[in-house]
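Just need the structure, nothing else, for what follows:
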Amino acid sequence: MSFSNRFRGLLFISSLFAAASLANAQTTDTTRTMPYDVAANADAPTKAERFEMDRQAILAMTGDYAVTFDFTETVPFVESYELKPHKVSHTHEIVRVLKDTGTFISLQHILVGGSGDDTVIVKHWRQDWSYQPEKVLIFTGGNAWGWRTVNPEDRKEAWSQTVYQVDDAPRYGGVGVWEHKQNASAWTPGSELRPLPRRDATTRDDYDAIDAVNRHTITSRGWVHEQDNTKLVLRDGEPQLLVREVGVNTYVRADDFNVALAEAYWAKTADYWAGVRTIWDELEQNNSTFALTVQGEPHDVYAPILELARSVEAGEMDTKAAIKEARVVIKRLTTTKPEPLLSRLALHGGQ
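Below is the predicted model:
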């Protein structure tokens, strides 16, 4: 399949934000064992057993972690392009269950940045998992998203993962099947389009999206989020490859950071964030496509929503009033009738 055909079929904020744990979420065992050892079982697991193995693999991502974000550009596709410096950063993160209905699991990530008096807590990304989904929300470029129907054959025993950013706006989605072999479980979707990560969106404007394969692997020490990223230029109409990048985000269980501070933050803001999720969910469920009215790094969207969370935490604003104001922000900066991709990109000088 040609790259252009694959792209037509597609249509992190890895900054060191800080984090929070979830007051009303279920208690999580941070010393969870491996979900399943297929090699240790003589009989092939049944569908019900495979389903439970999948669930345990997803739930195994909960816990308290020392995290390393590591990104290396490897292969330039444009003769004049110079590989950018290797980027690596370290922080701590907690991951908690927001919701678990059996066939739907929502995990909230929260970063805990700094230490001592300089510790900063801010809600980070979220990942929602759905079993045998009929559709998946995907990024279509230029800060826009839309629903894609999942073929019945591709739906069988598969899980979709939809990733949301710090303000609970969507980022990207994909569908794949969990595989459980020996002492590791891994989920790998097909390649999907993704927006620029903040590490690039705030520092460069020479590409417009990432074509990514993102693998989640559960290990005995925690888990690893691997990314095979191809940075794309979309502004000229036909997608052009700029450079390939390898990303490895490693989550190793840890207990040497201030989890309690994150949990205190969430106890004060959980209801606010539930309200914000509802606003975005209404936008997603009631429309086949939607977009932000701003291009590039969506600071104008997430900054006021995060500031409202800070006001709630500090007791400066009532939760209901903050949710009402968040709705105003989201309504003002989104549209259900996005312009064509090239027109959207042109609003930001290309990206």
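
For Gln227, list each beta-bridge partner.
Beta-bridge pairing for Gln227 (DSSP bridges): Asn214, Gly247.

Could you name the helices and strands sitting against whatever helix or strand Val312 lives in?
Remark: Val312 resides in helix 299-313, with elements defined by DSSP states H and E. Counting contacts by 3 or more Cβ pairs under 8 Å, 6 or more residues apart in numbering; DSSP states H and E, helix 299-313 is packed against strand 120-131, helix 259-285, helix 319-332. All C-beta spots, glycine's among them, are computed from the backbone N, C-alpha and C.

Would you pull up how far that helix lies from the middle of the chain?
19 Å (Cα atoms, centre = their mean, to the nearest Å).

again with stretch 127-137
13 Å.

end-to-end on it?
Here the two ends of stretch 127-137 are set 12 Å apart, with distance taken as Cα to Cα, to the nearest Å.

which residues touch that stretch?
51, 54, 58, 61, 102-107, 109, 145-150, 155-164, 170, 173-175, 284 (Cβ atoms under 8 Å, 6 or more residues apart in numbering).

List the buried residues in it.
Residues 127-133, 135-137 are the ones in stretch 127-137 that count as buried (16 or more other Cβ atoms under 10 Å).

now do stretch 81-98
Buried residues in stretch 81-98 (16+ other Cβ under 10 Å): 84, 87, 91-98.

Could I get the average pLDDT for that stretch?
Stretch 81-98 carries an average pLDDT of 97.

Now that stretch - C-alpha only, PDB.
Output in PDB follows, covering the C-alpha atoms of stretch 81-98 (Å, rounded to 0.1, in the frame of the first residue of the first chain):
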ATOM      1  CA  TYR A  81      17.100  18.300   6.900                       C
ATOM      2  CA  GLU A  82      19.400  18.000   9.900                       C
ATOM      3  CA  LEU A  83      18.400  15.700  12.700                       C
ATOM      4  CA  LYS A  84      17.300  17.500  15.800                       C
ATOM      5  CA  PRO A  85      19.100  16.800  19.100                       C
ATOM      6  CA  HIS A  86      18.000  13.900  21.200                       C
ATOM      7  CA  LYS A  87      15.400  14.800  23.700                       C
ATOM      8  CA  VAL A  88      15.100  13.100  27.100                       C
ATOM      9  CA  SER A  89      13.300  14.200  30.300                       C
ATOM     10  CA  HIS A  90      12.400  12.600  33.600                       C
ATOM     11  CA  THR A  91       9.500  13.000  35.900                       C
ATOM     12  CA  HIS A  92       7.100  11.100  38.100                       C
ATOM     13  CA  GLU A  93       3.500  10.100  37.300                       C
ATOM     14  CA  ILE A  94       0.600   8.300  38.900                       C
ATOM     15  CA  VAL A  95      -2.000   6.500  36.800                       C
ATOM     16  CA  ARG A  96      -5.500   5.800  38.300                       C
ATOM     17  CA  VAL A  97      -8.700   4.200  37.100                       C
ATOM     18  CA  LEU A  98     -11.400   6.800  36.400                       C
END
